[in-house]
Structure formats: C-alpha cells, structure tokens
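Participant: structure of the sequence below:
(4 chains)
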Protein chains: 2
Amino acid sequence: MDREHQPTRRRGAALEEAILRAAADELVESGYPGLTMDRVARRAGTNKNALYRRWPNRAALGVAAYRRLADARTRVPDTGTLRGDVLALLRQVNCDLSAPHGEILRGLLSSIGDEPELLAQLHEQIGDGGAEPWRAILERAVARGEARPGALRPRVITVALVLLRNEYVTRGIATVPDDVLVEITDEVYLPLVRAESNPR
Amino acid sequence: MDREHQPTRRRGAALEEAILRAAADELVESGYPGLTMDRVARRAGTNKNALYRRWPNRAALGVAAYRRLADARTRVPDTGTLRGDVLALLRQVNCDLSAPHGEILRGLLSSIGDEPELLAQLHEQIGDGGAEPWRAILERAVARGEARPGALRPRVITVALVLLRNEYVTRGIATVPDDVLVEITDEVYLPLVRAESNPR
DNA sequence: CCGTGTAAGGTACTCGGCGTACCTTATTGG
DNA sequence: CCAATAAGGTACGCCGAGTACCTTACACGG
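Facilitator: Purely as a prediction, here's the structure:
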C-alpha cells in the first residue's frame, strides 16, 4: 500500500497477482458495477496501464477475477443416501455461491454480450465445472440401486443445480430459502432419477 | 431548426406511446446496451426530459419497453399427446423468445441489480406469466393418464421452461438447437411427470 | 376569446467510467 | 554497464446518465 522510499517495483506475475486480488476484492465488496478500472488500479497500488496491458477490457478482467473467486472447489458429500447428498450439495452451493456471487455472475453474464470467448470461460466455470460432483453422487446412488442407470445423462444430473441457479437469476435474491432446496430435491430431482421400480 | 411549421405537439398518452415504441425498437435493433436515453429521445422525436418525466432511469424505461415486446401471449398447443404439446411449447418459446429477447433479458436482469420493484415486474413477465400454458397441457395429460397427478406442482410443471431459459442465460446463444429441446423433453420432462405405472 | 397552468421542446451543463497516448522511471538480463 | 522491457504518472477524448433552466405550445375554465 504505502510505497516506501524504496521504489521496489513489482513486475510480471507479482503485479498480476496483486491486480487480481484487488479486482476480486472489489467484486466481493461492490459487485461487478463497482469493479472500475480506476478503483482496481488504485487498490492494487498501480495504474490503469498495467491493467490494460494484461486484459483488453473491463469484462475480461471481471471474468478473470471471478474465476479466482469461484475456484473454491466443491467438495463431494457422502451421506449414505442420495437425498442426503443432493441436499448437501445444494446447500453447499447455496451457501458459498450465494451473495454476492449470484449478483456478480448476473452482472458478468450481461456485460459480456458479444464476446463469446469470455462467455466460454464463464461457462466452463459454472456450467460443466460444477457438474462433476453431481455425477459422482448419482453414480453412487445408481450403484446402491437408488437411481436408475438411465439417469446418468448430463442434462439430468445437473437439473437440481440448474433449478437453483434459476432462483438466483430470476429472483435476484441473496440466499435461497432452505425449503426451496427441499422442494427441488423432493419434487423434481428424486422423482426424476429414481428407479421406476422403487416407489416413494 | 424548423421541423414543420405546424408544431402540433404530442402530449400525454400519445407521446408516451411514441416513446415506448421507440424504446422497443431500439431494444430489438441494438439490445439493451443500445437503449440510450438520447437515442430513444431522438428516435421518438422528443428529448430526454420527456423520458425522465415518466421513468426515473434507464432501467425502468428498459423494463417498460420489454414488457411491451414480450406481451405477445403464448398460445396453448393441443397436439393430443403430452410429448407433442411439450415440444410445441418449447419450440414456440424458443422461436419468439430467442434473439434478441434472450440477450435483452440478460441485460435487463443484470442492470436492475438493486431495484426490486423492477425485478418484480420482470419476474411477473417471465416467471409466472409463462407458467400457465404449462399447467394447461399438463392437466390435460393427467386427465388422459399420461402424467401422474402429483406432478401438478409449480416447480415441476415449469421445469422444461427453466431448462430452456438456462440455455439462453448460460450459453448466450441466439437460438437453441432443436435437439436440445428434444433432450429436455425426453430425458427430463417426460420421465419426471410420467405416471409410475407407465414404463418407457 | 383570452389568460393561465401544465407539459413539451431545446440546450447546455456536470459527473463518472472506459479506453488511449505519451512520456518518465525503474528493473532485468545479456 | 547498457539497452530492452515493463512499470508509473498524468492527461486526455469520448460517451452516456442524469439535471437545470428556460422557452414555447397546448388545453381548459372563466
């Protein structure tokens, strides 16, 4: 922050790190609208030139900073039952992907618009990146006979995640109430993947 | 500049109409980022004052204009089978809610941010507004024995719509390919609502 | 028919944020 | 030790949101 009378100028990776940290902090504190190039530069103790030498525009920097935020990998729960695993995953996502992540994501998605490359990066982060844990718990459930093998399709295993994300996007609320998670689990996900021969 | 030597000034509802039409046209042509107060004012043959006297900010005008665009009601199909009805509804939504509607919606959703009143208006438009046709086709399917009565829950009947909307939001593409619609229908919606006694 | 309140038109601002240009200064590696 | 490279500093230009203030037409009641 306070530069000493020793200039000791950061370069390369060190400076990039500092910029990304500053940008991520701004995202958390003020959301994407608060991520201005001037503020990030000031917070990182540098200036806009260093930013524009690395990212072509604000959206690119925003996506890069968001990636660092969302890189906290999701742990795969193992409660012994499919219902317990689904609820645990949903609650986990709801917890650490709630505010301000949802709002940040909304802001990023819109301001990208016509830059498919950035959208692809985001999609990798939120779309397929989050799918693996769901496949894992569903495979275990199939092995236990709790779910039908035919449910192991990409579009099926992520249904709960998509429904939860839909709550964020359309409702715009900070944290989804827990009974919504239960509804998603009991009304949609479990009936969908359950083996036909296995009544409720 | 002398426009006409007949000033014939529009007032009240007539002017409001003209502004909304201009705003909706801008939305269709250039998306939400292109909806500039200056441009709308110029296109409507008026100036920004008339706009700000009616809507407090750009987002409010954007939502109002979008409502007028999206007010084309969805027709309820009746093909005789649930699968046919579901696909028909999905295709209809995909057709007239595709580009540029999806992009506009994305832009609006993000830029609203902290104004819950506007978000509520949008939600009324896209969330529950679109649910009725789905309830209608599912009720008929239940009457025919194609679906279980227990599927008549709000979160269930709109699953297909939510999945389709998810494609728009996360993929950011103009029009969803038809095989995605078929996948949503055959892998998710039909297995979910089908009567348990009705094997695939 | 006229006068007056209301609403529209016109214009010119301020403010903030993006992106750029250009120069100076430090660091690094050959 | 000396270029080449990259960082810092500063000042722009541009555009769009929102505001202020005045002028001008319209509509309606007396």
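Participant: which bits of chain A sit near DNA strand C?
Facilitator: With Cβ under 7 Å from any atom of the strand as the criterion, chain A meets DNA strand C at residues A:6-9, A:11, A:35-38, A:48-49, A:52, A:56-58. (C-beta placed from N, C-alpha, C; glycine too.)
Participant: let me see the backbone angles for the residue of chain A found nearest chain B.
Facilitator: With Cβ to the nearest Cβ, the shortest gap between chain A and chain B falls at A:Ser110, namely 3.3 Å. Main-chain dihedrals, A:Ser110, degrees, to the nearest 10: phi -80, psi -40.
Participant: tally of neighbours for it?
Facilitator: Using other Cβ atoms under 10 Å in any protein chain shown, A:Ser110 has 25 neighbouring residues.
Participant: next one, pLDDT for the nearest residue to it once chain neighbours are set aside please.
Facilitator: Closest residue to A:Ser110 apart from its sequence neighbours, by Cβ to Cβ, 6 or more residues apart in numbering or on different chains: B:Ser110 at 3.3 Å. B:Ser110 is assigned a pLDDT of 71 by the prediction.
Participant: quick check: mean pLDDT across stretch A:39-46?
Facilitator: On average, stretch A:39-46 scores 92.
Participant: ugh, wrong one, I meant stretch A:13-20
Facilitator: The model assigns stretch A:13-20 a mean pLDDT of 88.
Participant: stretch A:142-162 now?
Facilitator: Stretch A:142-162 comes out at a mean pLDDT of 92.
Participant: quick one, what contacts the residue of chain A closest to chain B?
Facilitator: B:32, B:106-107, B:109-111 (Cβ atoms under 8 Å, 6 or more residues apart in numbering or on different chains).
Participant: hmm, 6 Å instead?
Facilitator: A:Ser110 makes contact with B:106-107, B:110 under the criterion Cβ atoms under 6 Å, 6 or more residues apart in numbering or on different chains.
Participant: now do A:Leu109
Facilitator: The neighbours of A:Leu109, taking Cβ under 6 Å, 6+ apart as the test, are B:Arg106.
Participant: at 8 Å what do you get?
Facilitator: A:119, A:122, B:106, B:110, B:169-170, B:172.
Participant: quick one, domains of chain A?
Facilitator: Domain ranges of chain A: A:12-68, A:73-193, per automatic domain parsing.
Participant: in chain A, what residue is nearest DNA strand D?
Facilitator: The minimum distance from chain A to DNA strand D, using Cβ to the nearest atom of the strand, falls at A:Thr46 (3.2 Å).
Participant: so that residue makes contact with A:Ala18?
Facilitator: Yes: judged on Cβ atoms under 8 Å, A:Thr46 makes contact with A:Ala18 at a distance of 7.3 Å.
Participant: what do those two both touch?
Facilitator: A:Arg10.
Participant: re earlier: of the contacts of A:Ser110, which is the nearest to A:Arg42?
Facilitator: Comparing the contacts of A:Ser110 against A:Arg42 with Cβ to Cβ picks out B:Ser110 as the nearest, at 24.6 Å.
Participant: returning to what we had before: of the contacts of A:Ser110, just say which sits nearest to B:Tyr66.
Facilitator: B:Gly107 (9.5 Å).
Participant: check the secondary structure at that closest one for me.
Facilitator: For B:Gly107, the secondary structure call by DSSP: H, G, I helix; E, B strand; the rest coil comes out as helix.
Participant: pull the number of nearby residues for the nearest residue to it once chain neighbours are set aside.
Facilitator: Of all residues beyond its chain neighbours, the one nearest B:Gly107 is B:Tyr32 (3.1 Å), with distances taken as Cβ to Cβ, 6+ apart. Neighbour count for B:Tyr32, taken as other Cβ under 10 Å: 24.
Participant: likewise the one 5 residues further on?
Facilitator: Here the number of neighbours of B:Met37 (other Cβ under 10 Å) works out to 16.
Participant: roughly how far does A:His123 sit from A:Ala160?
Facilitator: According to Cβ to Cβ, to the nearest Å, A:His123 stands 18 Å off from A:Ala160.
Participant: of these two, which one has the most company?
Facilitator: The neighbour comparison of A:His123 against A:Ala160 (other Cβ under 10 Å) goes to A:Ala160, with 23 against 16.
Participant: quick revisit: of the residues of chain A next to DNA strand C - the most surrounded one?
Facilitator: A:Leu35 (26 neighbours).
Participant: the lengthiest helix in chain A near DNA strand D anywhere?
Facilitator: Longest helix in chain A, counting residues (DSSP state H): helix A:12-30. Yes: for helix A:12-30 and DNA strand D, the contact criterion (Cβ under 7 Å from any atom of the strand) is met by A:12, A:15.
Participant: contacts for that helix, please.
Facilitator: Contacts for helix A:12-30 (Cβ under 8 Å, 6+ apart): A:10, A:34-36, A:39-41, A:43-46, A:50-51, A:54, A:61-62, A:64-66, A:68-69, A:100, A:104.
Participant: brilliant, that's me finished.
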